[in-house]
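Colleague: Quick one, structure for this:
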Amino acid sequence: MAYHLKPRPEIIKSLMAGQLKGPITMLNLLKYREIADYGSSPDLAPEQEVSGTDAYKLYMQNTSKYLQKVGGEVIFLGKSSEFLIGPETEKWDTVLIVKYPSVNNFLEMISDEGYLSGTGHRKAALEDSRLLPMEAVKGF
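Modeller: Here you go, the predicted structure:
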């Protein structure tokens, strides 16, 4: 089974090339580990073992100041259910929707050293994820 935890470089390049214009909204589908795995960032590990959910909360605590700095905002955070239409094999714990004023604001945030210093919490927290950048369609 393939897990998806890191951005695909070719998609970052297309975002940088201006694929999306104006404000963007990121749809995050998140599947947490039962117990967070800090193997790749032991310096961030809490003193006691924590759940993937709690590790993701630590990631979001770190991320919130960088999100605000670029003008981004969480517009939805909710517990997920089973797909009404979709694969029965995909199960997600949380849906997170984040809006940014522009692709450049998103790229600015994810390249900020302060933001990057906390991404180990995200990696420790998640078993799998999806991140879908979207732009609003006018006149539909």
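Colleague: Please count neighbours and contacts with C-alpha atoms only from this point.
Modeller: Will do.
Colleague: For this structure, which residues score under the pLDDT cut-off?
Modeller: Along the chain, the parts satisfying pLDDT under 70 run over 1-20.
Colleague: Run through who's touching the lengthiest helix in it.
Modeller: Counting residues, the longest helix found in the chain (DSSP state H) is helix 52-69. Outside helix 52-69, the residues that touch it by Cα atoms under 8 Å, 6 or more residues apart in numbering are 32-37, 73, 109, 112, 114-115, 118-122, 124-126.
Colleague: same check, this time on stretch 121-140
Modeller: 3-5, 20-33, 35-41, 44-45, 51-56, 58-59.
Colleague: From these, keep the buried residues only.
Modeller: Neighbour-count burial (16 or more other Cα atoms under 10 Å) applied to the contacts of stretch 121-140 gives 20, 23-33, 35-38, 44-45, 51-56, 58-59.
Colleague: May I have the helix or strand hosting G78 as CSV, with CA atoms only?
Modeller: Under the criterion of DSSP states H and E, G78 resides in strand 73-79. Output of strand 73-79 as CSV, limited to C-alpha atoms (Å, rounded to 0.1, in the frame of the first residue of the first chain):
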residue,chain,number,x,y,z
GLU,A,73,-6.9,30.6,7.7
VAL,A,74,-8.5,27.3,8.6
ILE,A,75,-12.0,27.4,7.3
PHE,A,76,-13.1,23.9,8.3
LEU,A,77,-11.8,21.1,10.6
GLY,A,78,-14.0,18.1,11.1
LYS,A,79,-14.2,14.4,11.8
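Colleague: Please identify the buried residues of that strand?
Modeller: E73.
Colleague: And for stretch 104-122?
Modeller: Neighbour-count burial for stretch 104-122 [16+ other Cα under 10 Å]: N104, N105, F106, M109, I110, Y115, G118, T119, G120, H121, R122.
Colleague: taking those as a set, which two sit the farthest apart in space?
Modeller: N104 and H121 (23.8 Å; Cα to Cα).
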